[in-house]
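[1] Structure for this input, please:
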Amino acid sequence: MPAIELIIEHRARPEEDWCVFASGVVLAISAMIRQFTSPGDQILVQEPVYNMFYSVIEGNGRRVISSDLVYENGKYSVNWSDLEEKLATPSVRMMVFCNPHNPIGYAWSEEEVKRIAELCAKHKVLLISDEIHGDLVLTDEDITPAFTVDWDAKNWVVSLISPSKTFNLAALHAACAIIPNPDLRARAEESFFLAGIGEPNLLAIPAAIAAYEEGHDWLRELKQVLRDNFAYAREFLAKEVPEVKVLDSNLASDITKSLCNYLLRQSHPISIL
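    Take a look at the predicted model:
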């Protein structure tokens with residue numbers, strides 16, 4: 001069998017012992033919410049954001065606090081003063097971060113990731129970074145995994161990855177928590193086993209290995225298909241639905257905020273066991 005070329009994605013490679021198996025990213029977030037926070041604590045997110053963050057936070061008896069992203073001149077950005085003010089709130093114990101951000105499709109820059117991680121460390125807030133879409137960045141830019149920040153901040157971060165989005169393997173239930181801090185890692189691993197998500201099924205590990213070791217050429221082809229589809233959608237919307245504005249990183253309309261509020265009203269918190 002020919003040797004497999006080592007390809008390092010995202011300019012980073014974690015230590016092997018930093019990696020802990022979980023059967024899903026959202027399930028891992030839910031387990032860590034129960035392990036590292038208490039009922040009534042606040043957990044910070046950045047609206048507009050994936051609705052399941054609300055479901056697992058509120059379903060576990062915690063409260064959501066949002067430092068809303070600012071939409072200006074066709075781009076979303078962090079309100080840094082608001083973010084630090086809310087991270088400094090004593091009841092805020094965790095931040096669930098999305099990189100690339102869902103739904104705006106933006107891969108946060110290295111400087112932005114480092115600054116967020118440093119603010120969390122400064123205020124002793126655990127940073128859970130959902131990086132499940134990290135392999136699907138379509139531009140020359142790349143994501144900066146949270147586990148790559150400097151050590152003072154690294155002690156407060158968890159990166160969550162999975163082949164499920166990129167390689168359409170969600171039904172095999174395979175994910176990984178990358179946790180540099182050994183004490184944090186031990187407690188997270190305990191929470192996964194208590195939640196029943198710490199053991200892989202028969203196909204999860206072989207499928208994940210096959211995807212990550214042999215899927216590079218396929219992924220390059222997939223990204224080109226997605227770029228072509230995005231270009232087609234941009235052209236169609238400009239011609240047929242000019243009211244919808246297309247951003248470089250995602251689709252958004254003039255009613256983005258009201259749409260997000262509608263989706264929040266329609267999303268009912270559930271308990272993830």
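[2] Can you show me the strands along the stretch 101-250 of the chain?
    126-130, 157-161, 175-178, 244-246 (DSSP state E, counting those that start in this stretch).
[3] Ramachandran angles for the nearest residue to residue 28 once chain neighbours are set aside?
    For residue 28, ignoring the flanking residues on the chain, the nearest one in space by C-beta to C-beta, 6 or more residues apart in numbering is residue 22 at 4.0 Å. Backbone N, C-alpha and C define where each C-beta goes, glycine included. The phi/psi pair for residue 22 (degrees, to the nearest 10) reads phi -140, psi 160.
[4] lowest-pLDDT helix or strand in the chain?
    strand 251-253 (a mean of 34; mean pLDDT, DSSP states H and E).
[5] Report the central residue of this structure.
    residue 130 (1.9 Å; C-alpha atoms, centre = their mean).
[6] Now the helix of greatest length in the chain: buried residues?
    Criterion DSSP state H: the longest helix present in the chain is helix 216-240. Across helix 216-240, burial judged by 16 or more other C-beta atoms under 10 Å covers 219, 222, 223, 230, 237.
[7] gap between the fourth one and residue 102?
    This points to residue 230. 16 Å (C-beta to C-beta, to the nearest Å).
[8] what does the longest strand seen in the chain rub up against?
    In the chain, assigned by DSSP state E, the strand with the most residues is strand 92-98. Outside strand 92-98, the residues within contact range by C-beta atoms under 8 Å, 6 or more residues apart in numbering are 29, 32-33, 36-38, 41-46, 49-50, 53, 57, 65, 86-87, 116, 120, 123, 125-130, 146.
[9] What about residue 35, how many residues nearby?
    Neighbours of residue 35 under the rule other C-beta atoms under 10 Å: 17.
[10] show me what contacts it?
    Listed by C-beta under 8 Å, 6+ apart, the contact partners of residue 35 are 187, 188, 190, 191, 194.
[11] again with residue 203
    So residue 203 contacts residue 172 (C-beta under 8 Å, 6+ apart).
[12] ok, the nearest residue to residue 11 once chain neighbours are set aside - contacts?
    What sits nearest to residue 11 in space, not counting adjacent residues and going by C-beta to C-beta, 6+ apart, is residue 142, at 6.6 Å. Counting by C-beta under 8 Å, 6+ apart, residue 142 makes contact with 10, 11, 107.
[13] repeat that with 10 Å
    Residue 142 sits next to 9, 10, 11, 12, 107, 109, 110, 134, 135 when contact means C-beta atoms under 10 Å, 6 or more residues apart in numbering.
[14] Give the buried subset of these as a PyMOL selection command.
    One line in PyMOL is enough to select the buried ones among these; burial here means 16+ other C-beta under 10 Å:
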select buried, resi 10+107+134+135
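[15] closest to residue 72 among the contacts of residue 142?
    Distance to residue 72 across the contacts of residue 142 (C-beta to C-beta) is lowest for residue 109, with 16.8 Å.
[16] Disregarding residues adjacent in the polypeptide, which is nearest to that closest one?
    Residue 109's closest residue in space is residue 144 (C-beta to C-beta, 6+ apart), at 7.1 Å.
[17] So the one you found sits against residue 12, correct?
    Yes: Residue 144 lies in contact with residue 12 (C-beta atoms under 10 Å); the separation is 7.9 Å.
[18] For residue 48, give me the pLDDT.
    Predicted confidence (pLDDT) at residue 48: the value is 95.
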